[in-house]
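1. Any chance you could fold what I've pasted below:
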Amino acid sequence: MRRRLLLASVVALPTPALAQDRWPSRSVRMVSSSPPAGASDILTRTIAQALQDQTGQAFVVENRAGAGGVVGSDFVAKAAPDGYTWLTTNVGPQAIFRELIRNLPYDTRTDFRPVTILGTLPLVLIVGPGQPQTLAAYLDAAQARPGQMNFGSGGNGTLHHLTGELVNSAAGVRITHVPYRGAQAATTDVLGGRIEGMWDSLPSAAPHIRSGSVKALAVSSANRSPAFPDVPTLKEQGVDVVTTNWFGLAGPAHLPEEIVQAMYAQLRRALASQPVRDRFGSIGVEIVGEPPDATQRYVLAEIERWSAVVRATGVTMD
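-> Below you'll find the model as predicted:
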């Protein structure tokens, strides 16, 4: 009788549990929609290593940068929904660009299945050698020279660009935006004195801040970053702007729900591991890890929020 009960319990196992046991059975592709060494790439490689250690399968990071993340996002949107191609993405290609780019080749509302937000982090305003050493002095200089000072970003229409435009509006200054193809090129010009400053993601700016080669004037989040507690927020310095970048993992639409839940379970385990917590914390990333349905609702709300900001600032991709 006991043997029959045990067999019955095995037969009664739900199909999702069996599917989760089988996935992944081969190497998995993790597409990063940003260039190497950027914040998204750092997070992608950290998570990929943790997933590889947990599952025993290779999680291969593939950088498909271009058009601010559109190239990689479009690749995953059109991939087979089999659980072996995933996208690490952020607020730009998933939320901002829906309003900003007229002929976006994918629909962020319907072409992806979000799994979780891996983490959030602020942007940081950095300036190069010989520039004002406080936000107040920086804004005073901009007030005295309208349109003559420049701020760089990793691309037109990015969160970094929009944050700079929001600061212009809130502070009543006119600092000219200079778009670059990635943060590294902008950082090179900040260090070389060709532009006064830039808005950068905290992970990519962190080594330069710690070395003293640049000065951090403000972070864009509501609270100071634990990684850089001495850098004040915009808001506490009188500029009423709060922006936060987020980094999520998604797959193509129509993924089987059991695979979505299997990936989420692995991600939760990875995000709870000490190596990931230490790495994320060292670069100022706050771990999130909400479940898939809550993440989908969050992304939809972000689309609405940033669509309104794009319309209010008048930013275009021209």
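2. pull the longest strand from this structure.
-> Using DSSP state E to define each element, the chain has its longest strand at strand 112-121.
3. partners of that one in the sheet?
-> Sheet neighbours of strand 112-121, with direction, are listed as strand 245-252 (antiparallel), strand 286-287 (antiparallel) (DSSP bridges).
4. Restricting to C-alpha, output the longest one in PDB.
-> Below are the C-alpha coordinates for strand 245-252, written out as PDB (Å, rounded to 0.1, in the frame of the first residue of the first chain):
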ATOM      1  CA  ASN A 245      17.700  53.400 -13.300                       C
ATOM      2  CA  TRP A 246      16.600  49.800 -13.000                       C
ATOM      3  CA  PHE A 247      18.000  46.600 -14.500                       C
ATOM      4  CA  GLY A 248      15.700  43.700 -15.300                       C
ATOM      5  CA  LEU A 249      15.700  40.300 -16.900                       C
ATOM      6  CA  ALA A 250      13.100  39.400 -19.500                       C
ATOM      7  CA  GLY A 251      12.500  36.800 -22.100                       C
ATOM      8  CA  PRO A 252      10.500  36.900 -25.300                       C
END
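5. what residues does whichever helix or strand comes after that strand touch?
-> As assigned by DSSP states H and E, the chain's next helix or strand after strand 245-252 is helix 257-272. By Cβ atoms under 8 Å, 6 or more residues apart in numbering, the surrounding residues in contact with helix 257-272 are 15-17, 19-20, 23, 47, 50-51, 54-55, 82-83, 86, 113, 115-116, 118, 249, 251, 276-277, 287, 289, 291-292. Placement of C-beta: from N, CA and C, glycine included.
6. of the residues you listed, buried ones?
-> Among the contacts of helix 257-272, the ones that count as buried by 16 or more other Cβ atoms under 10 Å are 19-20, 23, 47, 50-51, 55, 83, 86, 113, 115-116, 118, 249, 251, 276, 292.
7. Now do the strands in the protein.
-> Taking DSSP E as the test, the strands found in the chain are 28-32, 59-63, 85-90, 112-121, 123-127, 150-153, 176-179, 197-201, 215-219, 245-252, 286-287.
8. Would you tell me which of those gets closest to Asn103?
-> Closest to Asn103 of the strands of the chain, according to Cβ to Cβ: strand 112-121, at 17.9 Å.
9. mean confidence score for that closest one?
-> Strand 112-121 shows a mean pLDDT of 96.
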